[in-house]
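Visitor: please work out how this folds:
(chains A and B)
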Amino acid sequence: MIRILDGFDGAGREPLVDAMLRDRKRIFVDLLKWDVPVVRGEFEIDQFDGERAIYCIATDGGGNHLGSIRLLPSDRPHILGTIFPELCLGDVPRDASIWELSRGCLSPNLAATERLWVRNLLTTAVVEYAIWRGFTAYTCIADFTWYGQILMLGWDCWPLGPRRKIGRSMTGALQIDINPSTPDQLRNAGTFVPCRMVNLDAVPAGRA
Amino acid sequence: MFTSLELHHFINVMKEITSEQKLGEVLLEFTQWLGFDWFAMGHHVDLARPPRQAIRVTNYDPRWIDQVVEQRYFADDPIHAASMRTVAGFRWDALPLTQITPRQQYILAQARQYGLVAGYSVPIFLPGEYGGTCSFAGRSFEKLRPYALELSDVVAAAAFECARRIMNVREGCLTAPVPVLKPREREALILVGRGKTDEGIADVMGISKKTAHGYIENVRLAYGHLSRPSLVLRAVFDNQFSFADAFWR
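Guide: Below is the predicted model:
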């Protein structure tokens, strides 16, 4: 299932969130060697994890983190607008109805076939969530492992600018247009995976 | 503008493709739209004995391809060599190689006779899978549309993803064809590449000779019982590690 977390309130409050942050650290810091902050030696948390962020977290019946992705509003500080605006040939898209996808992460514990399934599950989830919220588009920054996959997931996806070498990866900014036919586009591409979406409210401050 | 309806068209068509032939057709259309004449896209494999899990599509002159296979140019192909050394696309008149051997110069000169004069290649690297290159070429860079090289880079990534899908559907499998080596096995193999015996490997890695031997035997098993020199070559080929890892300190 997919749990939606609206707003981030720190680590050490919710096991599923902590599991997500641990897997983010294993992937982005340990494996990909990104220069991003690590909290208490185990959680990857950056400046954009805050009250404006929304998280789609894929989880199994046992509360394990299978994969997740973070949504940030583009009309506020976000990765493309704040850190890598040069990846856009024109202006960085900024609008209340355009959100940025980032920290897309599949648990390193998954087998190869499970990875594909969770990838499709998260893709479907963010599309359905976008339609429910009335988003018109997503933007994202894709590194070399994801760029081709994101372009070809089925949705209307196109580059915002040329790819550039960032670190050791050719990386580019992409925009994904969301409209009522996007779920059918995923179905045609074989990447649509229906799922149950449940809201996981931000844990109120003071909870033990 | 960098993005355009035509770019959308090419990407949209590629999403629907299920055969190498159709992929070749859309790549040809894209090549000509850019202002190039020739394209070649494929995994880095031995062309004389390509494994089933590899894709190769091209409209290069068949006589040139025959010559490449017969003369085994692909073993010394400077484009392939350059593609292994960089992550970014490169022009053939600015190959990211520290030196070009006379044989490589000869291969480039032979290629020019078949219209492959001004070329641009995009390396594609995916961890745990065969890497590859997507190349576009013509007589000159003069008449290309604006952003031709940057657009090639985008479409190369999409085309390679398309090729992966065709391959997966054809083989009915989603697992990586390249053997997955454990970190210590990989380390031991790099030391084989540096000319170490089991004893030398044991020494460097701080393990017993028996353990070192075991690591190498595991790697040989994973690769189907190749000899040690062949193992090293295959592993470099499969992007398990680079020549620099094996041959420089």
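Visitor: just checking, what packs against the helix or strand harbouring A:T139?
Guide: Under the criterion of DSSP states H and E, A:T139 resides in strand A:137-142. Taking 3 or more C-beta pairs under 8 Å, 6 or more residues apart in numbering or on different chains; DSSP states H and E as the contact definition, the neighbouring helices and strands of strand A:137-142 are strand A:98-106, strand A:169-177. Where you see a C-beta, it was placed from the backbone N, CA and C, and this is true even at glycine.
Visitor: please name the nearest non-neighbouring residue to A:G50.
Guide: Among residues not flanking A:G50 along the chain, A:F8 sits closest, at 5.7 Å (C-beta to C-beta, 6 or more residues apart in numbering or on different chains).
Visitor: what mean pLDDT does the longest helix seen in chain A get?
Guide: The residue-count maximum for a helix in chain A (DSSP state H) belongs to helix A:112-133. For helix A:112-133, the per-residue pLDDT values average out at 93.
Visitor: residues contacting that helix, please?
Guide: Applying C-beta atoms under 8 Å, 6 or more residues apart in numbering or on different chains, the external contacts of helix A:112-133 come out as A:2, A:4, A:54, A:56, A:58, A:66-69, A:71, A:99, A:101, A:104, A:106-107, A:110, A:135, A:138, A:149, A:153, A:155, A:178, A:180, A:182-183, A:186, A:191-195, A:197, B:174-176.
Visitor: now swap in stretch B:211-229 and tell me
Guide: Residues lying outside stretch B:211-229 but in contact with it, judged by C-beta under 8 Å, 6+ apart, are B:179-182, B:184-185, B:188-189, B:192, B:198-199, B:201-202, B:205, B:231, B:234-235.
Visitor: quick one on the thing from earlier: next helix or strand past the strand holding A:T139?
Guide: Toward the C-terminus from strand A:137-142 - assigned by DSSP H and E - lies helix A:147-151.
Visitor: tell me what whichever helix or strand comes after that next one is packed against?
Guide: Where DSSP H and E defines the elements, the next helix or strand beyond helix A:147-151 is strand A:156-159. If you count contacts as 3+ C-beta pairs under 8 Å, 6+ apart, strand A:156-159 packs onto helix A:147-151, strand A:169-177, helix B:5-16.
Visitor: which one of these lies closest to B:G132?
Guide: Taking C-beta to C-beta as the criterion, helix A:147-151 is the member of the helices and strands packed on strand A:156-159 that comes nearest to B:G132, at 11.3 Å.
Visitor: interface residues of chain A facing chain B?
Guide: Residues of chain A found near chain B (C-beta under 8 Å from any C-beta of the partner chain) are A:89-90, A:112-113, A:116, A:144-145, A:147-149, A:151-152, A:154, A:156-163, A:165, A:168-170, A:172, A:188-189.
Visitor: mind redoing it with 7 Å?
Guide: Applying the criterion C-beta under 7 Å from any C-beta of the partner chain, the portion of chain A that neighbours chain B consists of A:89, A:112-113, A:116, A:144-145, A:147-149, A:151-152, A:154, A:158-159, A:161-163, A:165, A:168-170, A:189.
Visitor: circling back to that earlier point, and the helices and strands packed on strand A:137-142: which comes nearest B:G89?
Guide: Of the helices and strands packed on strand A:137-142, nearest to B:G89 by C-beta to C-beta is strand A:169-177, at 8.0 Å.
Visitor: contacts for the closest one?
Guide: Residues from elsewhere that reach strand A:169-177, judged by C-beta atoms under 7 Å, 6 or more residues apart in numbering or on different chains: A:80, A:87-88, A:93, A:137-144, A:147, A:150-151, A:155-164, B:87-88.
Visitor: which residues touch the most centrally placed residue in chain A?
Guide: Of all residues in chain A, the one closest to the mean position by C-alpha atoms, centre = their mean is A:I69, 2.6 Å from it. Residues near A:I69 by C-beta under 7 Å, 6+ apart: A:56, A:101, A:103-104, A:122, A:126.
Visitor: looking at the chain, which helix or strand is least sure?
Guide: I went with chain A, as the question did not name one. Sorted by mean pLDDT, DSSP states H and E, the helices and strands of chain A end with strand A:197-201, the least confident at a mean of 74.
Visitor: please apply the same query to chain B.
Guide: By the measure given (mean pLDDT, DSSP H and E), helix B:243-247 is the least confident helix or strand of chain B, showing a mean of 58.
Visitor: did I read that right, the residue nearest to the centre of chain A in a helix?
Guide: No - going by DSSP: H, G, I helix; E, B strand; the rest coil, the assignment for A:I69 is strand, not a helix.
Visitor: leaving out the residues flanking it, which one is nearest to it?
Guide: Excluding the flanking residues, the one nearest A:I69 by C-beta to C-beta, 6+ apart is A:G104, at 4.4 Å.
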